[in-house]
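Chemist: Okay, sequence plus prediction incoming.
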Amino acid sequence: MTDFSAAMTSGKTFTLSDYAGKNIVLYFYPKDNTPGCTTESIAFRELYPQFQAANTEIFGISRDSLRSHENFKAKLELPFELISDPEEILCAMFDVMKMKSMYGKQVRGIERSTFLIDGNTKLVKEWRAVKVNGHVDDVLEFVSASN
């Protein structure tokens with residue numbers, strides 16, 4: 001996978017090559033402070049120690065602003081950073097922008113998706129059209145089994 005960088009919370013910049021030797025979980029979600037996204041982020045927070053034990057870093061990504069991300073991260077006490085992608089550069093790279101039906105209208109948005117990149121920066125697994133319940137457990141199970 002080609003190296004890439006993006007702005008993230010805590011005034012930091014995410015650069016893929018900085019995490020060589022570690023697994024990376026990138027979870028794309030539609031919007032800060034919405035029910036599904038909150039539930040998913042809390043699930044990653046609750047299992048964060050187990051992901052860390054499996055040599056894995058977690059990053060959430062949406063099109064929200066860094067300011068929105070900082071508030072969401074603080075509110076949920078997330079121990080990992082959130083990446084802001086307002087220009088949809090990473091969304092395009094991972095092909096997560098889809099037409100979705102919302103209240104009977106077609107809207108373009110992020111399809112909830114998770115990607116696992118190994119310590120050699122190789123994309124090894126993708127979960128698309130994710131349903132929140134049980135998803136984070138599935139990701140942890142896969143990461144733990146491949147370590």
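Modeler: Here it is on my side, so go on.
Chemist: for this protein, what spans make up the strands?
Modeler: Taking DSSP state E as the test, the strands found in the chain are 5-8, 12-15, 23-28, 56-62, 82-84, 97-102, 105-110, 113-117, 123-127.
Chemist: For Q50, find the nearest of those.
Modeler: Closest approach to Q50 among the strands of the chain (C-beta to C-beta): strand 56-62, 8.8 Å. From N, CA and C alone the C-beta is placed, and that goes for glycine too.
Chemist: quick one: strands adjacent to the closest one?
Modeler: Paired strands of strand 56-62, with direction, are strand 23-28 (parallel), strand 82-84 (parallel) (DSSP bridges).
Chemist: Using TSV, lay out those together with distance to G119 and mean pLDDT.
Modeler: Shown next, in TSV, are those (distance: least, C-beta to C-beta, whole Å; pLDDT from 0 to 100):
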stretch	distance to G119	mean pLDDT
strand 23-28	6	98
strand 82-84	19	98
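Chemist: got CSV for these, with mean neighbour count and distance to S113 too?
Modeler: Shown next, in CSV, are the strands paired with strand 56-62 (neighbours: other C-beta atoms under 10 Å; distance: least, C-beta to C-beta, whole Å):
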stretch, mean neighbour count, distance to S113
strand 23-28, 23, 5
strand 82-84, 24, 14
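Chemist: Next, the angle strand 113-117 makes with the helix or strand bottoming out on mean pLDDT in the chain.
Modeler: The helix or strand with the lowest mean pLDDT-type score in the chain, counting by mean pLDDT, DSSP states H and E, is strand 97-102 (a mean of 87). Orientation of strand 97-102 against strand 113-117 (axes from the mean of the first three to the mean of the last three C-alpha atoms, to 10 degrees) gives an angle of 150 degrees.
Chemist: CA atoms only for strand 97-102, dumped as PDB, please.
Modeler: Below are the C-alpha coordinates for strand 97-102, written out as PDB (Å, rounded to 0.1, in the frame of the first residue of the first chain):
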ATOM      1  CA  MET A  97     -18.200   6.700  -0.600                       C
ATOM      2  CA  LYS A  98     -21.500   5.200  -1.600                       C
ATOM      3  CA  MET A  99     -25.000   6.300  -2.400                       C
ATOM      4  CA  LYS A 100     -27.200   5.500   0.600                       C
ATOM      5  CA  SER A 101     -30.900   5.900   1.200                       C
ATOM      6  CA  MET A 102     -31.700   8.200   4.200                       C
END
